[in-house]
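J.: please work out how this folds:
(one chain, ligands or ions: 1)
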Amino acid sequence: MRQVGMLDLQGEYQLFEDEIRAAVEAVLESKQFIGGPAIGELEGAMCRSIGAGHAIAVSSGTDSLICAMMALEIGHGDEVILPSFTFFATAGAVARVGAKPVFVDIDPRTFNLDPELLEGVVTEKTKAIIAVHLFGQCAEMDAINKVAKRRGLAVIEDAAQAIGATYHGRHAGTLGDAACLSFYPTKNLGGFGEGGMIFTNDEGLAGVTRQLRNHGESQRYVHERVGGNFRLDTMKAAILLVKLGYLDRFNRRRRENAARYDALLADVPVTTPFVPDHNRAVYHQYSILCDRRDELMSHLRERGVSSGVYYAVPLHMQPCFASLGYQGGSLPVTEQACKRIMSLPCHPMLTDEDVEYVASCIRDGLGATNEPCASAGAAKPEA
Ligand SMILES: Cc1ncc(COP(=O)(O)O)c(C=O)c1O
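T.: Below you'll find the predicted structure:
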């Protein structure tokens, strides 16, 4: 039986094994395991790749969020608005800097924060909005930035899942005051271990962030502020530089897979991803909505196809946030999505036959209808 996994890190590795070994060897030879040229080279290459002014490599995506909020002086007594439908780290980082997460509901078609709901939750304590570009598709940044400007708030992009995605032709990571990226191994630009990056076009903010990354040190033995050890290892930076060379090709392949799924699932009773014309999504996940999700997932499992649920429990319902007082029903779109969402394999090593096989398993699990799916056909293959 054909096996189709959510990832194929082994297959990917074979493509660049020699380059990675050479890069690792060079770091081993240099004996410079912290700092060194690879960090600056990675930061420069990432800036060029997305058109950002400054990049600061850090120890993880979670730390990039924490460090960005510290740089923006967000802390105790402050509120930060964010979606509840995201990975835990987005909200965890807000709580870690001492601020209060204020959750808003999402757009039912894109699963990203619904900008219409922002004004209703802004208070005099609100300091920032975190816009998460979920599943590799940018949130509605123009509308979000408009509210932020009107109310004097900072905008942080959580671009952990969206490297290479664009919004009106501009890259994720360049659309707010600061942006955060994760190099977690499963991400579109996955490293060999933990890692992350902060982007900003604000030189002052970049300088503060660089200090915070290294215990707030402004010059040797002088600590301007209290930061942390948020540094990225040199070896990981050298590996990421190699992998960055494959990012466009991998993202293009994810988009081709998505376009194929869109077409093959058009008459199946699932809702395929909706991508507005001004967005280019990079499909960190290809997520569908299905009323019989758990049944479909076990049907796929029996046929050798992996799938995943991102996310099963909304963050406003997590036990650690119980004191915030959210009840079931307070963010209905998010809660519905958590019950119906599932992600299909979409990684760059999939063959056309793999995608066709997954789609045929879904088709024989659910049956086709004569009604084309409302939001199918949104993914566009690369020109
Ligand atoms: C949306 C989002 N935010 C933040 C993170 C945290 O990144 P990391 O795991 O590198 O700390 C992740 C990924 O894990 C994520 O998907």
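J.: mean confidence for stretch 200-212?
T.: The average pLDDT for stretch 200-212 rounds to 98.
J.: who touches it?
T.: Stretch 200-212 is contacted from outside by 52-54, 56, 67-68, 70-72, 174, 177-179, 198, 217-218, 224-225, 227-228, 230, using C-beta atoms under 8 Å, 6 or more residues apart in numbering. (Each C-beta comes from the backbone N, C-alpha and C, glycine too.)
J.: cool, stretch 218-238 as well?
T.: Residues outside stretch 218-238 that contact it (C-beta under 8 Å, 6+ apart): 23-24, 26-27, 30, 32-36, 38-39, 41-42, 57-59, 63-64, 66-67, 70, 183, 191-197, 208, 211-217.
J.: that older thread, list only those of the contacts of stretch 200-212 flagged as buried.
T.: Neighbour counting with 16 or more other C-beta atoms under 10 Å marks 52, 54, 56, 67-68, 70-72, 174, 177-179, 198, 217, 227-228, 230 as buried within those.
J.: what's the offset of whichever strand or helix holds Thr209 from the middle of its chain?
T.: For Thr209, the element it lies in under DSSP states H and E is helix 203-213. Taking C-alpha atoms, centre = their mean, to the nearest Å, the mean C-alpha location of helix 203-213 is offset from the chain mean by 22 Å.
J.: likewise for stretch 228-247?
T.: Stretch 228-247 sits 17 Å away from the centroid of its parent chain (C-alpha atoms, centre = their mean).
J.: list the contacts of stretch 63-71.
T.: With contact meaning C-beta under 8 Å, 6+ apart, stretch 63-71 is reached by 56, 58, 75, 80, 89-90, 93-94, 96-97, 99, 128, 130, 156, 158, 178-182, 196-198, 200, 205, 208-209, 212-213, 227-228, 230.
J.: recalculate using a threshold of 6 Å.
T.: The set of residues external to stretch 63-71 that reach it, using C-beta atoms under 6 Å, 6 or more residues apart in numbering, is 58, 93, 96-97, 156, 178, 180, 196, 198, 205, 208-209, 212, 230.
J.: what of stretch 274-287?
T.: For stretch 274-287, the external contacting residues (C-beta under 6 Å, 6+ apart) are 109-110, 135-138, 161, 164-168, 188, 251, 254, 258, 261, 310, 341, 343-344, 346, 375, 378.
J.: and with 7 Å instead?
T.: Stretch 274-287 is contacted from outside by 109-110, 135-138, 161-162, 164-168, 187-188, 251, 254-255, 257-258, 261, 273, 310, 341-344, 346, 375, 378-379, using C-beta atoms under 7 Å, 6 or more residues apart in numbering.
J.: thinking again about what came up before, drop anything exposed from the contacts of stretch 218-238.
T.: Buried members of the contacts of stretch 218-238, counted by 16+ other C-beta under 10 Å: 23-24, 27, 36, 38-39, 42, 57-59, 63-64, 66-67, 70, 183, 191-197, 208, 211-214, 216-217.
J.: narrow the contacts of stretch 274-287 to those in helices?
T.: Secondary structure from DSSP state H places Asn251, Arg254, Arg255, Asn257, Ala258, Tyr261 of these in helices.
J.: contacts only, for the residue in the stretch 1-150 of the chain that the ligand sits nearest to.
T.: Using C-beta to the nearest ligand atom, Gly61 is the residue of the stretch 1-150 of the chain that sits closest to the ligand, at 2.3 Å. By C-beta under 7 Å, 6+ apart, Gly61 lies in contact with Ala89, Ala160, Cys180, Leu181, Ser182, Tyr184, Gly196.
J.: look up which residues are beta-bridged to the fifth one.
T.: Bridge pairing for Ser182 (DSSP bridges) gives the partners Gly196.
J.: hmm, it is touching Met197, no?
T.: No - Ser182 is not in contact with Met197 according to C-beta atoms under 7 Å; the separation is 8.3 Å.
J.: element containing whichever residue of the stretch 201-350 of the chain sits closest to the ligand?
T.: Distances between the stretch 201-350 of the chain and the ligand by C-beta to the nearest ligand atom are smallest at His284, namely 7.7 Å. Assigned by DSSP H and E, His284 falls within no helix or strand.
J.: what's the pLDDT at it?
T.: Predicted confidence (pLDDT) for His284: 98.
J.: still on that earlier bit, narrow the buried ones among the contacts of stretch 200-212 to those in helices?
T.: Using DSSP H, the members of those that fall in helices are Cys67, Ala68, Met70, Ala71.
J.: how near is the third one to Gly61?
T.: Think Met70. 15 Å (C-beta to C-beta, to the nearest Å).
J.: quick one: neighbours of Asn145, just the number.
T.: Asn145 has 18 neighbouring residues, counting by other C-beta atoms under 10 Å.
J.: repeat that for the one 5 residues further on.
T.: When neighbours are defined as other C-beta under 10 Å, Arg150 has 11 of them.
J.: how close does it sit to Val80?
T.: For Arg150, the distance to Val80 (C-beta to C-beta) stands at 17 Å.
J.: could you do Gly53 as well?
T.: Computed as C-beta to C-beta, the Gly53 to Val80 distance reads 23 Å.
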